[in-house]
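**Q** after the sequence you'll find the predicted model.
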Amino acid sequence: MKTIILTILTLVLLHVATFAQISGTVSDTNGEKIPFANVVLLKNDTIFLSGTITDENGKYEFADTQNADLLKVSYIGYVDFSREISANETVIDVVLESSDFKLDEITISARRQITQIKDGAMITNISGSPLSKLTDIQHVLNFVPGVVLQNETITILGKGEPLVYINNRKIRDLSEVLQLLPDNIKNIKLITNPGAKYDSEVKSVLIINTINPTGEGFSIDNKLSIGHQYK
């Protein structure tokens, strides 16, 4: 009987450990909360397991750590944060240090007003911001909260691959996005709860609105793509 009880307790503890929750807040060195920061869980420093973004109060939460051993946090204008996750750790509050740096000779600094929530969508304004001066759309997308561009695939943290539109037109191939020039992008809208307007299988929608209308044909990118230099 004792053996059975011990076995049940062991299984319960393993279950709790496997599905341990982690939550916390992300703020700057002045104590101000940072909304829309990317927070990801990794295994062995390279294997992506899960991701989310902080809410408007700088809070984040993972319902399941999925055996992750590293937490990483990033936001434009701040030094990337990484920290090993200790066993049974449930709360990790993160403080990001401000760090102006140069990307393609353009100085990027902390400007939280670039992204805002409007009508249930997260909108990142590109026009008039330092992001419009980057050399290619790949760099721009990697600075949009909640968006990850890897291996020529767009992924939304916690939602997988999104439905992508350029203005009101659904794209047929990612190459259509990669042809866009940063200085012709007005804003990028991310919808993580699409609702009845879209198919029930659609978990997220990414809408890239341009300043000048884009046609069905090909565009020519005459900008020189150069490496990035950190200051």
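**A** Now that the structure is in, tell me what you want to look at. Just so it is clear, the model here is predicted, and its values are computed rather than measured.
**Q** now stretch 24-43, how far from the centre of its chain.
**A** Stretch 24-43 has its average C-alpha position 12 Å from the chain's average C-alpha position, going by C-alpha atoms, centre = their mean, to the nearest Å.
**Q** again with stretch 182-189
**A** 17 Å.
**Q** list the buried ones in it?
**A** Neighbour counts using 16 or more other C-beta atoms under 10 Å place 182, 184, 185, 186, 187, 188, 189 of stretch 182-189 among the buried residues. Where you see a C-beta, it was placed from the backbone N, CA and C, and this is true even at glycine.
**Q** closest to residue 137 among those?
**A** Using C-beta to C-beta, the shortest approach to residue 137 within these belongs to residue 182, at 6.3 Å.
**Q** how close does the closest one sit to residue 78?
**A** Plainly put, residue 182 is 21 Å away from residue 78 if you go by C-beta to C-beta, to the nearest Å.
**Q** so who does residue 209 touch?
**A** Each residue near residue 209 by C-beta atoms under 8 Å, 6 or more residues apart in numbering is listed here: 167, 185, 186, 187, 188, 189.
**Q** can you tell me, leaving aside adjacent residues, what's nearest to residue 73?
**A** residue 81 (4.3 Å; C-beta to C-beta, 6 or more residues apart in numbering).
**Q** state the pLDDT value of the residue most central in space within the chain.
**A** In the chain, the C-alpha closest to the average C-alpha coordinate belongs to residue 146, at a distance of 2.4 Å (C-alpha atoms, centre = their mean). Predicted confidence (pLDDT) for residue 146: 93.
**Q** surely residue 66 meets residue 41?
**A** Yes. Assessed by C-beta atoms under 8 Å, residue 66 is found in contact with residue 41 at 6.6 Å.
**Q** give me the common contacts of these two.
**A** Going by C-beta under 8 Å, 6+ apart, residues that sit against residue 66 and also against residue 41 are 49, 50.
**Q** before we move on, what SS does residue 82 have?
**A** Here residue 82 takes the strand state, with states given by DSSP: H, G, I helix; E, B strand; the rest coil.
**Q** so the closest residue to it other than its chain neighbours: helix, strand or coil?
**A** Closest residue to residue 82 in three dimensions, ignoring its sequence neighbours and counting by C-beta to C-beta, 6+ apart: residue 72, at 4.6 Å. Applying three-state DSSP to residue 72 yields a three-state assignment of strand.
**Q** and what of residue 131?
**A** The local conformation at residue 131, judged by three-state DSSP, is helix.
**Q** so where is this protein shaky, pLDDT-wise?
**A** For the chain, the stretches flagged by pLDDT under 70 are 1-19, 100-113, 214-231.
**Q** how about the helices in it?
**A** Under the criterion DSSP state H, helices of the chain are mapped to 2-18, 137-142, 175-178.
**Q** convert the C-alpha atoms of stretch 43-54 to CSV, please.
**A** Output for stretch 43-54, consisting of C-alpha atoms alone and laid out as CSV, is shown next (Å, rounded to 0.1, in the frame of the first residue of the first chain):
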residue,chain,number,x,y,z
LYS,A,43,16.3,24.7,-24.3
ASN,A,44,20.1,24.2,-24.6
ASP,A,45,20.4,27.9,-25.5
THR,A,46,19.3,27.4,-29.1
ILE,A,47,16.1,25.3,-29.3
PHE,A,48,13.0,27.5,-29.3
LEU,A,49,10.2,26.1,-27.2
SER,A,50,7.7,28.8,-26.6
GLY,A,51,7.3,32.6,-26.7
THR,A,52,5.0,35.4,-25.7
ILE,A,53,5.1,39.2,-25.3
THR,A,54,4.5,41.4,-22.3
